[in-house]
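Participant: How does the following fold in three dimensions:
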Amino acid sequence: MPMPPVDLSGEANWTEFDAPSLVGASLRFVSGEPEGDRYRVRYYRNADGALRARIWFGPETEGPPGHAHGGSMAAVMDEVLGLAAWAAGYPIVVGNLNVDFRNLLPLQQVVTVESEILSTSGRKVMVRGRICKGDTVYAEADCLCITIPEQAAAELAGKH
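Facilitator: The predicted structure is shown next:
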């Protein structure tokens, strides 16, 4: 039986943003099934231009009974933080992702993923993010991204 519609609306000062289009259809592990039972995702930019996402963790992400698997949360962080770098103008691949799990994330609720670019140095782009709802933080992550050549970025995005 299909899951009911999920409200992924953003905040009043957010603008909807098609972040996955930056990298092409083949790199949409998390956001590839908008009506699926795994994840449902909608991307936004806030007033400062930082990437935000509303994400619903469906029954196919289950780990501990009734809660999202840590690997499903890490996959979300990988996609969102990587896309945050792409959205900021840095075509990248993820070199290292460190996730700290803070609380169990109940299934079938909509949460927010926040991201920010911390620094850039040479080919390195550091991105930080968190999965949260209100004052509850479910996971925090630091992501070391490595920029890739323009030709490789075009091939990944299917624009070669």
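Participant: low-confidence ranges in the chain?
Facilitator: Residue ranges of the chain with pLDDT under 70: 1-2, 25-28, 32, 159-160.
Participant: my hunch is that Gly158 is in a helix, does that hold up?
Facilitator: No: secondary structure of Gly158 (DSSP: H, G, I helix; E, B strand; the rest coil): coil, not part of a helix.
Participant: The nearest residue to it once chain neighbours are set aside: neighbour count?
Facilitator: With C-beta to C-beta, 6 or more residues apart in numbering as the criterion, Gly158 has its nearest non-adjacent residue at 4.0 Å, and that residue is Gly24. For the C-beta atoms, the positions are set from N, CA and C on the backbone; glycine is no exception. Neighbour count for Gly24, taken as other C-beta atoms under 10 Å: 15.
Participant: likewise Met73?
Facilitator: 24.
Participant: Which residue is the nearest non-sequential neighbour of it?
Facilitator: Ala139 (4.8 Å).
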